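Participant: Give me coordinates for this.
(3 chains)
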Amino acid sequence: MLSAYTDFIRIRFLTMLAYRVNYYSGILIYMLNIGVYYFTWQAIYGDRGEIGGFTASQMTTYIAVSWMARAFYFNNLDREIATDIRDGSIAIQFIRPYNYLFVKMMQGFGEGLFRFTLFMIPGMLLALLLFPVRLPSDPIAWVGFLVMLFFSFLINSQLNILTGLMAFFVENNEGIMRMKRVIVDLFSGLVIPISLFPGWLSAIMQWLPFQAITYLPGSVFTGRTQGTGILEVFGIQVVWFVALLIPIFFMWRAARKRLFVQGG
Amino acid sequence: MYYIGLVFEYLKNYMKTRLTYRADFWVEVVSDLLMQASNLIFIFVVFGHTNSLGGWSEAEVVFVYGFFMVPFGLFSCFVNLWNFSDRYIVKGEMDRILTRPAYNLFQIFLENIDPPGLIGSLIGIVIMIISGGQLGLDLVWWHLPVMILFAISATLIYTGIYIALTSLSFYSDSPTGIIPLMYNIQNYGRYPVTIYNRAIQFLLTWILPFAFVGIYPASLFLGREEMTHMAWLTPVMAAIFLTIGLTSWNVGVKKYRGAGS
Amino acid sequence: MKAIEVEHLSKIFKVQKSRGGLKGALQDLFSRQYNEVAAVNDISFSIPAGEICGYIGENGAGKSTTIKMLTGILVPTAGKLNVGGYVPHEEREKFVRNIGVVFGQRSQLWWDIGVIESFGLLRKVYGVSEQDYKKRLDELVQRLDLGDLLSRPVRKLSLGQRMRCELVAALLHNPSIVFLDEPTIGLDIIVKTEIREFLKDMNRQHGTTILLTTHDLQDIEALCSRVIMLDEGRIIYDGGLDTLKTRWGQGTRVTFQFGTACPLGRLQSLTSELYVSWTADNDLHAEVLVPAELNVSDVLAKIVGQPDIAITDIKITETTTDEIVRQIYQTGSATKETQGGTVSHA
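Facilitator: As a prediction, the model looks like this:
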């Protein structure tokens, strides 16, 4: 059974390799994203030393690592699930001897593996060449970051699954998916680090799961969080990972009920 | 005349479909607005920490954003190519389009028409009025027709870029997902492009000319003289990029190979 | 007058060769290899106006590819095409006003709105006048018995109901040439018969030229005076259905059951002047194949009434078109295996 699940990882990895145009354009576009934000923040910093606890050089590293992390954790599980629901093929998934959501997660992980090895790592090397990015010297920061990056993937995929499952309850969840995308990019700290938001807004965001996707791992990588602080922010991620399982469970149950009662 | 008639027919059908799913309509409107709001939040947060971005004040940047929303709204209403590759190439709906006696790209636009997008345009106008008032802009009579011209040109530039990118699905043998990747880039033309380095400026001006959808045309009304000559290039760029887009599309259609079966 | 003329038409697809495994996939990311596959390979035929022509072949034989070239969807790699006075892919928008297309597997109706709304929109798209539209719609609705379906959204229709609506949608502008790609696929026998009757009537009344592909040979038998058979992108047969039967059919098979043993040699000697071939599993059971040019009664006359042969049962079976076609396909694919698995395009 387990080998069936790992097969889903392998197949998705191979499928990703087939999308060649995406691959090349993806790397270029991520470099452009980093570039634009790098220059924007340069202009904002001017000759000021620190904004929101970030030095200009930390900001550069933060931008680069955040975008490259996104290159890894990003996936379209929401869209895939919504499509399965809309064209009715989800019904077939229910009679297969596996858990649909777990399969989706595995496919997402297969994609993640591809993105990590062929997208994030080469992208990061390129970013090192193009921008003054400073890598952490502390090995603990590396380990902490990599573990947290994995949880970024988990939490982001969980949110995608939740968004995708919405298609059971609204006829067309395109709008919701677009909204989720914007919210994740903004509230995860990708475009603006959370500490730069006005006090009340950053206070709200600390109670939302999004910061666990980008901001927390990013702060470990830039060295703003060190030592036991790493365990603390990692704890937040774990809590969110567990907490998000609950709505997924209930939504999945409601979805099954809906499917069986209404016949799809 | 024929094509204008078709626009109304398709709009009528859109309305009928939408009346069956009223809740979705509002979800879409709200999500569109939220998307715009999130971009404004970025501007406000940035100006919470500085007074000027490359020599541009907050009100000026907000005005540019308001201007940008007008063509963007027009674009998202009339040119919705988001799931072209999936729906028309992979699922083969292009076959049906090609057996009908209207220009194929136009049919695709009409089938995906999305009027809630226009709400963004209206909000953009309101934003321009407010921030324009704060700046005390003195507009003269010819600014209005020029603004309409620029807004339409910007919409066409947008359209040209996206047609060209979408037509790649005809050439590539695997589904392409470039459009979602462009999603962030389209925003970058709204900020003063002079803060970027030369390579990025060049890219946003001549290759993916999103700067002509935001900062360049808007600079004319802000009286930013350093960019005025670029502003007047907007209609020219529109003609060029629309031509590129349509040519690439028409050649692509000839390469269309149909879906399996 | 010719409705469709095709000369040396070919369509070649480039198909990516995937190298298997992880290493292969990684190599594919940086350099790709392609195979050229001829979906349609140098075919020529012409169809006079007013004819119903069946286009058959196995999956991947090139039927759909041909139809898509004839309707202007695909651009041919080589060859000349003329359909209703146009080169389809060159003047597509003008050309398609004159044709009707139904893809059995795909809908051309709007999913969420009433069928009648789709028709109204198609009226505008094809620029049909209000008057003509009313007349035509009434005629079609009555003929296909759609009266109370018109206000329902497509997603609430059964497949048979939907297919009838698809036909109306494709015929509203009264095209003179109609292409049907598997129009009866998945339908029950009653709807199939209805649709066949309808197509036949339309052909009679309006002189509509019809080209249809199908896997159901009863469609062909019911409708077509002519059939074109395709294999691996080439035409292997083009002509009347009757000729197909005489050329490929094995005539009539007569099966005998005997009460007492009757050796094969005895039967063969009785019919020695006739060119028939006998087979027997055992002495109580024998089969004779009578070619189409001979009369079954001549053969029977030689056997029946012989004092030493006690016949308990006689069964006479005609080879059906199904059998004929299956046989042709089988011989066709026997040569195919030597070339190795080519990717198919249908």
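
Participant: And the closest residue to chain C within the stretch 101-250 of chain B, which helix or strand is it part of?
Facilitator: Nearest residue of the stretch 101-250 of chain B to chain C (C-beta to the nearest C-beta) works out as B:Pro101 at 4.6 Å. Where you see a C-beta, it was placed from the backbone N, CA and C, and this is true even at glycine. Under DSSP states H and E, no helix or strand contains B:Pro101.

Participant: what's it in contact with, if anything?
Facilitator: Contacts for B:Pro101 (C-beta atoms under 8 Å, 6 or more residues apart in numbering or on different chains) come out as C:93-94, C:96-97, C:125-127.

Participant: Which single one of those is nearest to C:Asn174?
Facilitator: Distance to C:Asn174, by C-beta to C-beta, is smallest for C:Tyr126 among the contacts of B:Pro101, at 9.4 Å.

Participant: quick one: secondary structure of C:Val40?
Facilitator: strand (DSSP: H, G, I helix; E, B strand; the rest coil).

Participant: Surely it and C:Ser64 touch.
Facilitator: No: at 9.9 Å, C:Val40 does not count as touching C:Ser64 under the criterion of C-beta atoms under 8 Å.

Participant: So for those two, which residues contact both of them?
Facilitator: Common contacts of C:Val40 and C:Ser64 (C-beta under 8 Å, 6+ apart): none found.

Participant: Quick check: mean pLDDT of stretch A:48-57?
Facilitator: Stretch A:48-57 shows a mean pLDDT of 89.

Participant: Same check on stretch B:34-51?
Facilitator: Average pLDDT, stretch B:34-51: 88.

Participant: which parts of that stretch are buried?
Facilitator: B:34-36, B:38-43, B:45-47 (16 or more other C-beta atoms under 10 Å in any protein chain shown).

Participant: How about residues contacting that stretch?
Facilitator: Outside stretch B:34-51, the residues that touch it by C-beta under 8 Å, 6+ apart are A:40, A:44, A:46, A:48, A:51-52, A:178-179, A:182-183, A:185-186, A:191-192, A:196-198, B:53, B:57-58, B:61-62, B:65, B:69, B:120, B:123, B:187, B:190.

Participant: Could I have the buried ones of the residues you listed as ChimeraX selection syntax?
Facilitator: This is the ChimeraX syntax for the buried subset of those, where burial follows 16+ other C-beta under 10 Å:
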select /A:40,44,51,178,179,182,183,185,186,191,192,196,197 /B:53,57,58,61,62,65,69,120,123,187,190
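
Participant: Now, the contacts of stretch B:34-51 that are in strands?
Facilitator: When DSSP state E defines the strands, the subset of the contacts of stretch B:34-51 inside them is A:Ile51.

Participant: All the helices of the stretch 51-200 of chain A, in order from the start?
Facilitator: Remark: helices assigned in the stretch 51-200 of chain A by DSSP state H, counting those that start in this stretch are A:56-73, A:77-86, A:90-95, A:100-115, A:121-130, A:139-165, A:174-187, A:199-205.

Participant: among those helices, which gets the worst mean confidence?
Facilitator: For the helices of the stretch 51-200 of chain A, the bottom mean pLDDT is recorded on helix A:90-95, which sits at a mean of 80.

Participant: Tell me the helices and strands packed up against that one.
Facilitator: Under the contact criterion of 3 or more C-beta pairs under 8 Å, 6 or more residues apart in numbering or on different chains; DSSP states H and E, helix A:90-95 touches helix A:77-86, helix A:100-115, helix A:228-262.

Participant: Contacts (any at all) between chain C and the first one?
Facilitator: No: in this structure, helix A:77-86 remains apart from chain C according to C-beta under 8 Å from any C-beta of the partner chain; the gap is never smaller than 10.8 Å.

Participant: list the buried ones in that helix?
Facilitator: Buried, per 16+ other C-beta under 10 Å, within helix A:77-86: A:77-85.

Participant: Please apply the same query to stretch A:166-180.
Facilitator: Within stretch A:166-180, the residues that count as buried by 16+ other C-beta under 10 Å are A:166-168, A:172-180.

Participant: now do stretch C:4-16
Facilitator: By 16+ other C-beta under 10 Å, the buried positions in stretch C:4-16 come out as C:4-6, C:9-13, C:15.

Participant: Check stretch B:245-255 too.
Facilitator: In terms of neighbour count (16+ other C-beta under 10 Å), stretch B:245-255 has its buried residues at B:245-246, B:248-249, B:252-253.

Participant: Go through those and flag which are in helices.
Facilitator: Judged by DSSP state H, helices contain the following of the buried residues of stretch B:245-255: B:245-246, B:248-249, B:252-253.

Participant: Just among the contacts of B:Pro101, which is most surrounded?
Facilitator: Greatest neighbour count in those, by other C-beta atoms under 10 Å in any protein chain shown, goes to C:Val96: 25 neighbours.

Participant: list the contacts for that one?
Facilitator: C:Val96 neighbours (C-beta under 8 Å, 6+ apart): B:98-101, C:71-72.

Participant: Return the distance of it relative to A:Ala243.
Facilitator: Using C-beta to C-beta, to the nearest Å, one obtains 56 Å as the distance from C:Val96 to A:Ala243.

Participant: So C:Leu294: helix, strand or coil?
Facilitator: Assigned by three-state DSSP, the conformation of C:Leu294 is coil.

Participant: for it, phi and psi?
Facilitator: With angles defined as degrees, to the nearest 10, C:Leu294 sits at phi -100, psi 160.

Participant: what's the neighbour count on it?
Facilitator: 15.

Participant: from what I can see it touches C:Glu273, true?
Facilitator: No: with contact defined as C-beta under 8 Å, C:Leu294 does not count as touching C:Glu273 (10.8 Å).

Participant: what ranges do the strands span in the stretch 51-200 of chain C?
Facilitator: According to DSSP state E, counting those that start in this stretch, the stretch 51-200 of chain C carries its strands in the segments C:52-57, C:78-83, C:99-103, C:177-181.

Participant: To C:Leu29, which of those lies closest?
Facilitator: strand C:78-83 (32.5 Å).

Participant: quick check: mean pLDDT across the closest one?
Facilitator: Across strand C:78-83, the average pLDDT comes to 94.

Participant: For that strand, buried residues please.
Facilitator: Using 16+ other C-beta under 10 Å as the test for burial, strand C:78-83 gives C:79, C:81-83.

Participant: Mind checking if stretch B:241-251 is in reach of chain A?
Facilitator: No: contact of stretch B:241-251 with chain A is not found when judged by C-beta under 8 Å from any C-beta; the minimum separation is 14.3 Å.
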